[in-house]
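**Q** How does the following fold in three dimensions:
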Amino acid sequence: MASAASTVREAEVGELAQLSATLADAFATDPILQWLAPSRRSDRRLRRLLAIELESYVFPGGRVLTTDDVRGANLELPPGRWQMTVPLSAAIGFARAFGPRLPRASRLQRLFEVVHLQESHYYIRYLGVATRFQGQGLGTALLRPTLDRCDREGVAAYLEASTERSAALYERLGFAHLGELRVPNGPRFWPMRRPPVEA
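**A** The predicted structure is shown next:
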């Protein structure tokens, strides 16, 4: 939708609470996040986990795109900045947020790193839209600035789709599957890459 696209802007750290609440709602039934931090919609634990990730990982190295009323968010990390500089097990905030599931989260993060795209790319850590605003084109609008940047700079975009539905959306936007992976005793996910599109 053109009106949705016109409202996309860069978020600020001061919007952490709104962003984490929106993403917690968007990912309330996400298989991977539920495996890591079981919760009800907008549960405190999931909001806290997403706030820590935004504050300690995404904002320092990348950018967060949202709408004027924070209906969704695209968490983008530029080439060379996708790796977490501190292991989950050593980050106090993550340790508290995950609690007894910290070893599970650490295994997943290691798996993500092993299969992660090695060429220069923009990494889309999360793309989510609050439940009541889904299906209106906001996800595509939030992702468009990242894809346009990739095309201008001639680099790929990369993400891990956590559901077949989201993978189908990304396919429509030019992403191709790099295979299907399953977390040991956990959910599946689909690494996907979109090559830059030449003008």
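**Q** Got phi/psi on L23?
**A** Per-residue torsions, L23: phi -70, psi -40 (degrees, to the nearest 10).
**Q** which residues does it contact?
**A** 50, 73, 126, 128 (CB atoms under 8 Å, 6 or more residues apart in numbering). For glycine as for every other residue, the C-beta is placed from the backbone atoms N, C-alpha and C.
**Q** and with 10 Å instead?
**A** 30, 33, 42, 46-47, 49-51, 53-54, 64, 66, 70, 72-73, 75, 126-130 (CB atoms under 10 Å, 6 or more residues apart in numbering).
**Q** And the strands in this protein?
**A** Ranges of strands in the chain, per DSSP state E, are 9-10, 63-66, 72-77, 121-129, 156-161, 176-177, 181-182, 188-194.
**Q** Mean pLDDT lowest where, among those strands?
**A** In terms of mean pLDDT, the lowest-scoring of these is strand 181-182 (a mean of 87).
**Q** same for it, what does it pack against?
**A** helix 102-115, strand 188-194 (3 or more CB pairs under 10 Å, 6 or more residues apart in numbering; DSSP states H and E).
**Q** Of all these, which one is nearest D151?
**A** Ranking the helices and strands packed on strand 181-182 by their distance to D151 (criterion: CB to CB) puts strand 188-194 first, at 9.5 Å.
**Q** quick revisit: output the helices and strands packed on strand 181-182 as a markdown table; include the columns mean neighbour count.
**A** Shown next, in a markdown table, are the helices and strands packed on strand 181-182 (neighbours: other CB atoms under 10 Å):
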| stretch | mean neighbour count |
| --- | --- |
| helix 102-115 | 15 |
| strand 188-194 | 20 |
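**Q** export these to a markdown table and tack on distance to R81?
**A** Shown next, in a markdown table, are the helices and strands packed on strand 181-182 (distance: least, CB to CB, whole Å):
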| stretch | distance to R81 |
| --- | --- |
| helix 102-115 | 14 |
| strand 188-194 | 17 |
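**Q** for these, which one sits closest to V58?
**A** Here helix 102-115 is closest among those (CB to CB), at 14.4 Å.
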